[in-house]
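1. the following block contains a protein sequence and its predicted model.
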Amino acid sequence: MSARALAVFFGALIFIRIAGRRSFGQRSPFDYVVAILLGATLSRVIVGASPAIPTVCASLAIVLIHRVLAWACVRSPKLERFLVGAEREVFKNGKFNDSEMSAALITKTDVFETARQELHTAGLEDVEAAILERNGQVSLLRKSKNPSGA
């Protein structure tokens, strides 16, 4: 089992290189699918639950499908929006956008939590906009400071 684990470890590294940095860098649902499937499939080789060659081939197929779809997303914004999603502006100019929040299944509490964690403030007075990114994180854009100090 140790020898299989060692072989799968280096095989997985090769697969991750084939998949590209995107697979583990952007952390979108599209990328998580590959990571979960790859881990689940390759784990079967380690424990000997499935024949090694067909299972490794299946893992390679998953990685190649991901690579092709990522390539297609670069060329097709519609496909990218479908597979990876789009960012949503959930707060702007002091007002929450209830329809965007409902579509994204995010609450005002989630936005306030991000303000506490990132800006170390309980309110949104200094926030121009809050955007739910494609990876599920909330980004806060601060209001512009007036250069004259007024």
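-> It's in.
2. pLDDT below threshold where in the chain?
-> 21-27, 146-150 (pLDDT under 70).
3. show me the contacts for the residue minimising distance to the centre of it.
-> The centroid of the chain falls nearest to residue 28 when counting by CA atoms, centre = their mean (1.9 Å). By CB atoms under 8 Å, 6 or more residues apart in numbering, the residues touching residue 28 are 84-85, 134-135. Every C-beta, even on glycine, is put in place using the N, C-alpha and C of the backbone.
4. from residue 49, how far off is it?
-> 29 Å (CB to CB, to the nearest Å).
5. so which elements touch the biggest helix by length in the chain?
-> Counting by DSSP state H, the longest helix found in the chain is helix 52-75. The contact analysis (3 or more CB pairs under 8 Å, 6 or more residues apart in numbering; DSSP states H and E) places helix 52-75 against helix 2-19, helix 29-47, helix 77-84.
6. pick the most deeply packed of those.
-> helix 29-47 (a mean of 17; mean count of other CB atoms under 10 Å).
7. which strands or helices does that one pack on?
-> Secondary-structure packing of helix 29-47 (3+ CB pairs under 8 Å, 6+ apart): helix 2-19, helix 22-25, helix 52-75, helix 77-84.
8. of all these, which lies closest to residue 36?
-> In terms of CB to CB, the element of the helices and strands packed on helix 29-47 nearest to residue 36 is helix 52-75, at 10.0 Å.
9. can you list contacts of that closest one?
-> Under CB under 8 Å, 6+ apart, the answer for helix 52-75 is 4, 11-12, 15-16, 18-20, 22-23, 30-31, 33-34, 37-38, 41-42, 44-45, 79-80, 83-84.
10. turn the helices and strands packed on helix 29-47 into a markdown table, including distance to residue 141.
-> Shown next, in a markdown table, are the helices and strands packed on helix 29-47 (distance: least, CB to CB, whole Å):
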| stretch | distance to residue 141 |
| --- | --- |
| helix 2-19 | 32 |
| helix 22-25 | 22 |
| helix 52-75 | 25 |
| helix 77-84 | 21 |
